[in-house]
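Enquirer: What follows is a predicted structure for the sequence shown.
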Amino acid sequence: MLQRVTRKEIDELWFNSEPVPGAAFKLNDDVLIASGTFKGEGGAVISLLALEREPVYLVELSSGADAEVAESDLRRAD
């Protein structure tokens with residue numbers, strides 16, 4: 001059974017670059033966008049916006065723009 005984590009606990013884990021239950025990526029992880037509007041672009045994860053249903057992250061793209069991207073659209077950059 002998964003333990004329910006509060007938003008405060010999530011934020012503490014996130015800003016300490018520790019794994020957040022239910023999220024595959026951490027702060028500053030390098031990623032590639034595998035599908036969607038920004039497919040093929042790389043960047044870094046800068047925020048965890050949501051965990052419900054599917055995690056959604058704010059990614060700072062290499063171009064300098066920011067994009068909200070679902071976890072299923074992301075891959076780890078090599």
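Expert: Yep, that arrived.
Enquirer: Which secondary structure element is home to the residue nearest in space to the middle of the chain?
Expert: Nearest to the geometric centre of the chain sits residue 57, at 3.6 Å (CA atoms, centre = their mean). In the assignment (DSSP states H and E), residue 57 maps to strand 56-61.
Enquirer: buried sites along that strand?
Expert: 56-57, 59, 61 (16 or more other CB atoms under 10 Å). Bear in mind the C-beta positions are built from the backbone N, C-alpha and C, glycine included.
Enquirer: Can you show me the CA trace of that strand as PDB?
Expert: The C-alpha coordinates for strand 56-61 follow below in PDB (Å, rounded to 0.1, in the frame of the first residue of the first chain):
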ATOM      1  CA  VAL A  56       3.500  16.500 -14.900                       C
ATOM      2  CA  TYR A  57       6.800  18.500 -14.900                       C
ATOM      3  CA  LEU A  58       7.900  21.900 -15.800                       C
ATOM      4  CA  VAL A  59      10.900  21.500 -18.200                       C
ATOM      5  CA  GLU A  60      13.300  24.300 -19.100                       C
ATOM      6  CA  LEU A  61      14.100  23.600 -22.700                       C
END
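Enquirer: Return the list of strands paired to that strand, each annotated with direction.
Expert: strand 42-50 (antiparallel), strand 66-70 (antiparallel) (DSSP bridges).
Enquirer: now these in a markdown table, with mean neighbour count, mean pLDDT and distance to residue 18?
Expert: Shown next, in a markdown table, are the strands paired with strand 56-61 (neighbours: other CB atoms under 10 Å; pLDDT from 0 to 100; distance: least, CB to CB, whole Å):
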| stretch | mean neighbour count | mean pLDDT | distance to residue 18 |
| --- | --- | --- | --- |
| strand 42-50 | 17 | 96 | 12 |
| strand 66-70 | 17 | 97 | 21 |
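Enquirer: How about residues contacting stretch 44-59?
Expert: Residues from elsewhere that reach stretch 44-59 (CB atoms under 8 Å, 6 or more residues apart in numbering): 10, 14, 20, 22-31, 33, 38, 43, 60, 66-72, 74.
Enquirer: hmm, which of those residues are the buried ones?
Expert: 10, 14, 20, 23-27, 29, 31, 33, 38, 43, 67, 69-71, 74.
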